[in-house]
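Trainee: A structural model of the following input is requested.
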Amino acid sequence: MPTIGFSAYLKLISLNEKPRATAIRGRVGGGGYDFHRSMKRGAAQLLTGAGSLDEVLQSLTAIKREPERLSAIQALKRLSDWRKSNPGELLSFKPATYPHSSGLFNVTFTPDFGVRLGQSATAVHIWNTAQPTLTARAVYSALSLFPKTYEHEPIPEDLALLSLRGPEPQLFRLSDAGRYAGLGESAAEKIAESFRRAIDDLGSEDAPIQPWTPPT
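Mentor: Residues are numbered from 1 along each chain as shown. This next block holds a predicted model:
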């Protein structure tokens, strides 16, 4: 059973049916390159104080691919700005995995950091993917899969996605989801159906599906 990272899953449910099917068919039997690995590593250094913003940005000059390097630099500058406005205590949370009932895929929510926002201990995943554009509906429906799946202490009181795209960082907190919180299972079922079709297209239900890597 393949395990899809949270950013990759969010990208899938944000796509229309045809490009989503194409994306899934392209991943059946294949892997991928983690475009955001250096950015995530830099975010951890910045948030924990292992390096200043200037030091972390300097380390990114080693990234050979210019689009990846520029994307990481822009994201970490925005993360630094967001952190200045949200100086709550930093926390640490383990990942949580949602298994779809079809057995076709899992989705793992991996917090890039935890932070106390007001009274809530919040697990936060960073989003820095250029396309597609996020909607509140997609983000909240994806986040809503995970509160009941947490098995390891400490268990966060809230889940969130911090988007570093656009002119300003944007934080989506599950506690603000409202009616969108009930859409998680229906969105997941659409992904399962796309997986079924992709496997059928290969002519075998036993076709290998490799772990999903974060999108660009």
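Trainee: give me the number of residues near the residue nearest to residue 135 when sequence neighbours are not counted?
Mentor: What sits nearest to residue 135 in space, not counting adjacent residues and going by CB to CB, 6 or more residues apart in numbering, is residue 14, at 6.8 Å. Bear in mind the C-beta positions are built from the backbone N, C-alpha and C, glycine included. If you count neighbours by other CB atoms under 10 Å, residue 14 ends up with 20.
Trainee: Do a quick rundown of the helices in the protein.
Mentor: Ranges of helices in the chain, per DSSP state H, are 6-14, 17-27, 37-48, 53-59, 66-85, 136-143, 184-201.
Trainee: And these: which comes nearest residue 112?
Mentor: When the helices of the chain are compared by CB to CB, helix 37-48 sits nearest residue 112, at 5.9 Å.
Trainee: Between helix 66-85 and that closest one, find me the angle.
Mentor: 20 degrees (axes from the mean of the first three to the mean of the last three CA atoms, to 10 degrees).
Trainee: List the buried residues in the worst-scoring helix or strand of the chain on mean pLDDT.
Mentor: Least confident helix or strand of the chain, by mean pLDDT, DSSP states H and E, is helix 17-27 with a mean of 80. Residues 20-21, 23-25, 27 are the ones in helix 17-27 that count as buried (16 or more other CB atoms under 10 Å).
Trainee: from those residues, which is closest to residue 173?
Mentor: So of these, ranked by how close each gets to residue 173 (CB to CB), first place is residue 20, at 25.8 Å.
Trainee: mind checking the longest strand of this protein?
Mentor: Secondary structure of the chain read by DSSP state E shows that its longest strand is strand 120-127.
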